[in-house]
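Requesting a structural model of the entry that follows:
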Amino acid sequence: MSAQAKHYDVIRKPVITEKATMASENGAVVFEVSMDANKPAIKEAVESLFGVKVKAVNTTITKGKVKRFRGQMGKRKDVKKAYVTLEEGNTIDVTTGL
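Presented below is the predicted three-dimensional model:
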């Protein structure tokens, strides 16, 4: 497996919510990452895929809610998010992918 494919396994997709947009104003970008990804792996993946310098990585795990699906009880998946703070002068535009 190539190194770039490994990085795409770590980073699933960008999170575009109101809170993530507020974080981007302070130089942070939010990604959904795999549950077994650790902070050094996330930092390496973001730096190599986007060509930016990462200052810090904070992670959070959101437990899946129990919801009704067609009258049956079901559970949403657990999600791990990474708040990646970039060094001064580095930006990632998640809406265009650059």
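
who does the helix or strand where Arg12 lies touch, helix- and strand-wise?
Counting by DSSP states H and E, the element that carries Arg12 is strand 11-14. Judged by 3 or more C-beta pairs under 8 Å, 6 or more residues apart in numbering; DSSP states H and E, strand 11-14 is in contact with strand 28-33, helix 39-50. (Glycine included, C-beta is placed from N, CA and C.)

Kindly export the shortest one (C-alpha atoms) in CSV.
The C-alpha atoms that make up strand 28-33 are tabulated as CSV, following Å, rounded to 0.1, in the frame of the first residue of the first chain:
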residue,chain,number,x,y,z
ALA,A,28,-8.1,25.2,12.6
VAL,A,29,-9.5,22.6,10.2
VAL,A,30,-11.8,19.8,11.3
PHE,A,31,-11.6,16.3,9.8
GLU,A,32,-13.4,13.1,10.5
VAL,A,33,-10.7,10.5,11.1
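
sorry, back to before: any idea which of the helices and strands packed on strand 11-14 is most buried?
Scoring the helices and strands packed on strand 11-14 by mean neighbour count under mean count of other C-beta atoms under 10 Å gives strand 28-33 as the most buried, with a mean of 21.

From the contact counts, what lies against that strand?
Going by 3+ C-beta pairs under 8 Å, 6+ apart, strand 28-33 lies up against strand 11-14, helix 18-24, helix 39-50, strand 79-86.

so how far is that strand from its chain's centroid?
Distance of strand 28-33 from the chain centroid (C-alpha atoms, centre = their mean, to the nearest Å) equals 3 Å.

swap in stretch 70-81?
19 Å.

need the helices and strands packed on strand 28-33 in JSON lines with mean pLDDT and distance to Ala5, can you?
Putting the helices and strands packed on strand 28-33 into JSON lines (pLDDT from 0 to 100; distance: least, C-beta to C-beta, whole Å) gives the following:
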{"stretch": "strand 11-14", "mean pLDDT": "92", "distance to Ala5": "12"}
{"stretch": "helix 18-24", "mean pLDDT": "91", "distance to Ala5": "25"}
{"stretch": "helix 39-50", "mean pLDDT": "93", "distance to Ala5": "11"}
{"stretch": "strand 79-86", "mean pLDDT": "95", "distance to Ala5": "19"}
